[in-house]
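**Q** Predicted model, plus sequence, below.
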Amino acid sequence: MMPMRFDVITLFPELVKAVVSSGVTGRAAERGIISLKQWNPRDYALDVHRTVDDRPYGGGPGMVMKGDCLLQAIRDARRENPGKVVYLSPQGIPLNQALVTELAAAENVILLCGRYEGIDERVIALEVDLECSIGDYVLSGGELGAMVLIDAVTRLLPGALGHHESAAQDSFFDGLLDCSHYTRPEELEGLAIPAVLKSGNHADIAKWRKKQALGKTWRRRPELLQARQLTDSERVLLNEYINEFES
Ligand SMILES: CC(C)(C)c1cccc(C(=O)NCC2(NC(=O)c3cccc4nocc34)CCCCC2)c1
């Protein structure tokens, strides 16, 4: 199995490298499930000051990343990794599990990270296949977006998760928020755990967990429920939860 290759165009290669230094993504890199290569536009800046940014046409505050260095870095990366070029950007489409699943099916992907006020628009016109955003807040660069994407995609690749983890992952996948979790000690600072979890009755426990997940999603992220058809038994559980919640 060939590793999925991520090529990241970034002024901060060390920041992005951290994503493969530990945890599931670190293990996936060790196992050859993913490979990561960073390309620094500054290596293409030939002037003595190695300039990668310049003042914006039309004036205004801040600087813009110069297109020439970015284009050369992207083209060198493409030569080694003929993958889709994804620009992590606040103007992008929201990164969600559906898009992550789509990206995990791709052989390779090139991730472009902006800094300063952004990148020269002509780079997007010439080389970017997809713009995606990890959320609506102001960031200092696209690198954290790249790392989020690498983490989410890697978890879907065969062999990345142990069987315990992949089973847990599947429970995440059913499109609902997660139920509450508890572990030892049984009493923690005077707080007990829900009795059903000590009952040993696996049917009751599964029902309780599903009801918790449905109820929590209904309370906190009702729009996720819209996106997901409920089975008849799930609808019954949710109605039970709502009746209890509102009683
Ligand atoms: C959304 C909001 C608040 C309306 C907004 C509107 C306008 C600008 C920004 C902003 O943050 N500009 C800075 C910038 N951000 C990002 O790269 C970025 C931000 C958010 C999610 C992302 N996912 O990937 C990359 C992302 C980093 C420096 C280079 C220019 C882009 C934000």
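**A** Now that the structure is in, tell me what you want to look at. Numbering: from 1, shown residues only.
**Q** Can you tell me, leaving aside adjacent residues, what's nearest to residue 100?
**A** Excluding the flanking residues, the one nearest residue 100 by Cβ to Cβ, 6 or more residues apart in numbering is residue 152, at 4.3 Å. All C-beta spots, glycine's among them, are computed from the backbone N, C-alpha and C.
**Q** Could you measure from that neighbour over to the ligand?
**A** Noted for residue 152: a distance of 13 Å to the ligand, by Cβ to the nearest ligand atom, to the nearest Å.
**Q** what helix or strand is that residue on?
**A** helix 143-154 (DSSP states H and E).
**Q** tell me the average confidence for that helix?
**A** Helix 143-154 carries an average pLDDT of 98.
**Q** Tell me which other helices or strands it touches.
**A** With contacts defined as 3 or more Cβ pairs under 8 Å, 6 or more residues apart in numbering; DSSP states H and E, the packing partners of helix 143-154 are strand 4-9, helix 13-17, helix 23-30, strand 34-39, strand 84-94, helix 97-104, strand 108-113, strand 130-133.
**Q** So is the longest one next to the ligand?
**A** Right, strand 84-94. Yes. Interface with the ligand: strand 84-94 contributes 88, 89, 90 (Cβ under 6 Å from any ligand atom).
**Q** Start and end of stretch 77-88, how far apart?
**A** Using Cα to Cα, to the nearest Å, one end of stretch 77-88 lies 16 Å from the other.
**Q** Counting neighbours, which bits of it end up buried?
**A** Using 16 or more other Cβ atoms under 10 Å as the test for burial, stretch 77-88 gives 77, 78, 81, 83, 84, 85, 86, 87, 88.
**Q** now, which of the residues you listed sits nearest residue 133?
**A** Set against residue 133, the nearest of the buried residues of stretch 77-88 by Cβ to Cβ is residue 88 (7.3 Å).
**Q** From what I see, that closest one and residue 145 are in contact.
**A** Yes. Look at residue 88 against residue 145 with Cβ atoms under 8 Å: they come within range, at 3.4 Å.
**Q** Are there residues contacting both of those two? Which ones?
**A** 113, 132, 133, 134 (Cβ atoms under 8 Å, 6 or more residues apart in numbering).
**Q** Next up, the contacts around the nearest residue to the second one once chain neighbours are set aside.
**A** This points to residue 132. Of all residues not flanking residue 132 in the chain, residue 92 sits nearest, at 3.9 Å (Cβ to Cβ, 6+ apart). With contact set as Cβ under 8 Å, 6+ apart, residue 92 has these partners: 130, 131, 132, 133.
**Q** Residue 91 is in contact with the second one, correct?
**A** Think residue 131. Yes. Using Cβ under 8 Å, residue 131 is in contact with residue 91, at 5.8 Å.
**Q** more neighbours, these two?
**A** Higher neighbour count among residue 131 and residue 91: residue 131, with 16 against 10, using other Cβ atoms under 10 Å.
**Q** Quickly list what the more buried one is bridged to.
**A** For residue 131, the beta-bridge partners under DSSP bridges are residue 87.
**Q** Could you list the residues of this structure in contact with the ligand?
**A** The chain has residues 88-90, 114-116, 118, 133-142, 145 near the ligand, with proximity defined as Cβ under 6 Å from any ligand atom.
**Q** what sits up against stretch 148-165?
**A** Applying Cβ under 8 Å, 6+ apart, the external contacts of stretch 148-165 come out as 1, 4, 6, 19-20, 24-25, 27-28, 31, 33-34, 36, 86, 88, 95, 97, 100-101, 103-104, 109, 111, 132, 134, 169.
**Q** Can you say which of those residues are buried?
**A** Buried subset of the contacts of stretch 148-165 (neighbour count, 16+ other Cβ under 10 Å): 4, 6, 19-20, 24-25, 27-28, 33-34, 36, 86, 88, 95, 100, 103-104, 109, 111, 132, 134.
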